[in-house]
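Student: Generate a structure from the sequence data that follows.
(2 chains)
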Number of protein chains: 2
Amino acid sequence: MQNKKLVNGRSEAVVDPDDRGLTYGDGLFETIPVRDGQLCLWNYHMDRLLDGSRRLGLPEPPLSLLREEARYLVRDIEKAVLKIIYTRGSGENRGYAPPSRPLPTRVLTLHEPPKQTVGNWFEGVEVNICKTRLSSQPALAGIKHLNRLEQVMARGEWRDQGVAEGLMLDENGLVVEGTATNVFVVQSSALVTPALDYCGVEGVMRRRIIDLAPELGLRVEHRGLYPEELGDVDELFLTNSVIGVWRVRSVAKSTIAQGHIANRFLERVAQDSLVPDQVMRTLDLPK
Amino acid sequence: MQNKKLVNGRSEAVVDPDDRGLTYGDGLFETIPVRDGQLCLWNYHMDRLLDGSRRLGLPEPPLSLLREEARYLVRDIEKAVLKIIYTRGSGENRGYAPPSRPLPTRVLTLHEPPKQTVGNWFEGVEVNICKTRLSSQPALAGIKHLNRLEQVMARGEWRDQGVAEGLMLDENGLVVEGTATNVFVVQSSALVTPALDYCGVEGVMRRRIIDLAPELGLRVEHRGLYPEELGDVDELFLTNSVIGVWRVRSVAKSTIAQGHIANRFLERVAQDSLVPDQVMRTLDLPK
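Tutor: Residues are numbered from 1 along each chain as shown, chains lettered A, B, ... in the order given. Just a heads-up that it's a prediction; the model follows:
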């Protein structure tokens, strides 16, 4: 995927060292799966980018231009991940004050699909609990901004490839999300997922799962979960745009109950994510 | 100051859009005043950069190379601000996991000194109190990392040029720092400054002031300050590398007592910061 990059529409694709995306993490990003030249859940991603821009006071992103540039990069691409970064651009002056007339920067880069073992879908995943906590910041909670050191620190806590993800807790010790995934629990007829009012990222796949819950006869509850509660749930699964859905087999070596709801969701979202073909063939996909 | 940039030693000075400094804010920075071709408080800045690198698990920064590159940029420069950014470089893969063998990126950019009215030194400054709070994250507190959205949001709260700085509170409502400055209070023979164990940036000028305190017969206390307390202090002042010291005249329109300790500190640090000549001439500078 060499040279599959565009920065403000140019294929030279380099970023000004004064760009506020670099100097302050002053911007947003989206990670969008590409399947047979199609941009999966594009509208969900653009909704979140719009919402994040409003929250940060960034100019409204040029959605049709982004779509045009994205399509240019992904034409003839079978499977990939398209990353879009949208920053406040280079400042009028050095300093935190946002420029009165920002000229945002848009960065589009295309990446190989991550190499994941199919066992993550077939057998479920082992996860651990990270020591790094998520700090509480209502002004930034939910949006996919570029300040991601907490996730970097948390993901740096383990190198064991047998551990697929780490759960992150908030200051009160409640599970909020994985380093790169959202968390769902099935308990009786409830689908429980942590509220993201104080920390966490509102994943596009999380929103899709919530939208699909009524079809599966589930009512959605937003609340935090203590790690101790996870031993008593009917099912626990993780979601993000790229993986779709992973059932969790164990948390910090403690076994988690297995059900079939996670797979019902996986069937519904597989075509909008990068679930491997070998897994796709075993699913009862919607026609 | 066009073309006064170096990225990994190259004067083309552009950054890879996959650099983790941009994608995650995965790095550190220093803002160093330049005075008559000299890099002010260089060792303090490099100490902090080393400490930050250890905290983030970045490879040790190449201090002698940084010094060489910095000197190349600032030779013949009378007054400027040199910014050094040091990131974890481009990743082996997309994703939060830090690469096992990172190749850090170093970015050096030279900027005009900020335009500040001399009244900020002569008469002291008006400050307000920001609505944006600092979140509590002990893993990142104190270091000057690239995740600066809280400061950007806080600095975006006002445009009134009569307000020179905004104080930021922690979750408990205690004053921690300004958006780009540290805070000191004089009370009897104590110099009080907030501890930075849960949030805030340990400014180089803050450390310098703490080191100088015994010379002025002051003992240093680290504790948070409620905004209501500020009305009862003997003096309140702000510090950073570039401005040196600013006395505070009022906080949210409430008058603050004035003393002469702030100016004693200013005299001692003026030559290590970008205090304007017009102000310098009025100070009793050390010989």
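Student: And the strands in chain A?
Tutor: Counting by DSSP state E, one finds strands in chain A at the ranges A:5-7, A:27-35, A:38-39, A:79-87, A:105-111, A:125-129, A:163-169, A:175-178, A:182-187, A:190-193, A:219-222, A:235-240, A:244-251, A:254-255.
Student: Quick one: those strands as CSV, columns for distance to B:T179 too.
Tutor: C-beta here means a position set from N, CA and C on the backbone, and glycine is covered the same way. Compiled in CSV, those are given as follows (distance: least, C-beta to C-beta, whole Å):
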stretch, distance to B:T179
strand A:5-7, 29
strand A:27-35, 18
strand A:38-39, 38
strand A:79-87, 19
strand A:105-111, 23
strand A:125-129, 34
strand A:163-169, 27
strand A:175-178, 27
strand A:182-187, 32
strand A:190-193, 34
strand A:219-222, 33
strand A:235-240, 33
strand A:244-251, 40
strand A:254-255, 44
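Student: nearest to chain B, of these?
Tutor: For these, the distance to chain B is smallest for strand A:105-111, at 4.6 Å, taking C-beta to the nearest C-beta.
Student: May I have the distance across stretch A:198-205, first residue to last?
Tutor: 20 Å (C-alpha to C-alpha, to the nearest Å).
Student: go on, stretch A:87-101?
Tutor: Using C-alpha to C-alpha, one end of stretch A:87-101 lies 13 Å from the other.
Student: A:P114 contacts B:E92, doesn't it?
Tutor: No. Using C-beta atoms under 8 Å, A:P114 is not in contact with B:E92; the gap is 11.6 Å.
Student: before we move on, back to that, can I get the strands of chain A in a markdown table with mean pLDDT?
Tutor: Compiled in a markdown table, the strands of chain A are given as follows (pLDDT from 0 to 100):
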| stretch | mean pLDDT |
| --- | --- |
| strand A:5-7 | 95 |
| strand A:27-35 | 98 |
| strand A:38-39 | 97 |
| strand A:79-87 | 97 |
| strand A:105-111 | 97 |
| strand A:125-129 | 98 |
| strand A:163-169 | 98 |
| strand A:175-178 | 98 |
| strand A:182-187 | 98 |
| strand A:190-193 | 98 |
| strand A:219-222 | 98 |
| strand A:235-240 | 98 |
| strand A:244-251 | 98 |
| strand A:254-255 | 96 |
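Student: Which one, of the ones you listed, ends up nearest to A:P138?
Tutor: When the strands of chain A are compared by C-beta to C-beta, strand A:175-178 sits nearest A:P138, at 13.3 Å.
Student: ok, and for that closest one, which residues are buried?
Tutor: Applying a neighbour-count criterion of 16 or more other C-beta atoms under 10 Å in any protein chain shown, one finds A:V175, A:V176, A:E177, A:G178 buried in strand A:175-178.
Student: And stretch A:66-81, by the same measure?
Tutor: Here stretch A:66-81 shows A:L66, A:E69, A:A70, A:L73, A:V74, A:I77, A:A80, A:V81 as buried, counting by 16+ other C-beta under 10 Å.
Student: so how far is it from its chain's centroid?
Tutor: 19 Å (C-alpha atoms, centre = their mean, to the nearest Å).
Student: Please see if it touches chain B.
Tutor: Yes. Stretch A:66-81 lies within reach of chain B by C-beta under 8 Å from any C-beta of the partner chain, at A:V81.
Student: With just CA atoms, put that stretch into PDB.
Tutor: In PDB, the C-alpha atoms belonging to stretch A:66-81 read as follows (Å, rounded to 0.1, in the frame of the first residue of the first chain):
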ATOM      1  CA  LEU A  66     -13.500  13.500   1.800                       C
ATOM      2  CA  ARG A  67     -15.700  11.000   0.100                       C
ATOM      3  CA  GLU A  68     -14.200  11.800  -3.300                       C
ATOM      4  CA  GLU A  69     -10.700  11.500  -2.000                       C
ATOM      5  CA  ALA A  70     -11.500   8.300  -0.100                       C
ATOM      6  CA  ARG A  71     -13.000   6.700  -3.200                       C
ATOM      7  CA  TYR A  72     -10.000   7.700  -5.300                       C
ATOM      8  CA  LEU A  73      -7.700   5.900  -2.800                       C
ATOM      9  CA  VAL A  74      -9.800   2.700  -2.400                       C
ATOM     10  CA  ARG A  75     -10.900   2.000  -6.000                       C
ATOM     11  CA  ASP A  76      -9.800  -1.500  -6.900                       C
ATOM     12  CA  ILE A  77      -8.900  -2.200  -3.300                       C
ATOM     13  CA  GLU A  78     -10.200  -5.500  -2.000                       C
ATOM     14  CA  LYS A  79      -9.500  -5.200   1.700                       C
ATOM     15  CA  ALA A  80      -7.900  -2.400   3.600                       C
ATOM     16  CA  VAL A  81      -8.200   0.100   6.400                       C
END
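Student: For A:E126, list each beta-bridge partner.
Tutor: A:V163, A:S250 (DSSP bridges).
Student: List the contacts of the residue lying farthest from the centre of chain A.
Tutor: Computed with C-alpha atoms, centre = their mean, the maximum C-alpha offset from the centroid of chain A is found at A:N93, amounting to 32.6 Å. Each residue near A:N93 by C-beta atoms under 8 Å, 6 or more residues apart in numbering or on different chains is listed here: A:P99, B:H111, B:P114.
Student: most neighbours, which of those residues?
Tutor: Neighbour count (other C-beta atoms under 10 Å in any protein chain shown) singles out B:H111 as the most crowded of these, with 20 neighbours.
Student: Tell me, how many residues neighbour A:G217?
Tutor: 10.
Student: who's in contact with A:A195?
Tutor: A:A195 makes contacts with A:H222, A:R223, A:G224, as judged by C-beta under 8 Å, 6+ apart.
Student: can you rerun that using 10 Å?
Tutor: A:A141, A:G142, A:L174, A:V176, A:E221, A:H222, A:R223, A:G224 (C-beta atoms under 10 Å, 6 or more residues apart in numbering or on different chains).
Student: domains of chain A?
Tutor: A:5-111, A:119-280 (automatic domain parsing).
Student: so which of those gets nearest B:Q151?
Tutor: Of all the domains of chain A, domain A:5-111 sits nearest to B:Q151, with 4.6 Å by C-beta to C-beta.
Student: and the closest one, how far from the chain's centre?
Tutor: On C-alpha atoms, centre = their mean, the centre of domain A:5-111 falls 15 Å from the chain's centre.
Student: Check stretch A:122-142 too.
Tutor: Offset of stretch A:122-142 from its chain centre (C-alpha atoms, centre = their mean): 12 Å.
Student: Same check on stretch A:172-192?
Tutor: 14 Å.
Student: Okay, now that stretch: how far is its last residue from its first?
Tutor: Stretch A:172-192: ends 18 Å apart by C-alpha to C-alpha.
Student: Helices of the stretch 51-200 of chain A, residue ranges please.
Tutor: A:63-74, A:119-122, A:149-155 (DSSP state H, counting those that start in this stretch).
Student: Now tabulate these in CSV and tack on mean pLDDT.
Tutor: Shown next, in CSV, are those (pLDDT from 0 to 100):
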stretch, mean pLDDT
helix A:63-74, 97
helix A:119-122, 96
helix A:149-155, 98
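Student: What are the buried residues along stretch A:190-208?
Tutor: Neighbour counts over stretch A:190-208 (16+ other C-beta under 10 Å) mark A:191-194, A:196, A:198-208 as buried.
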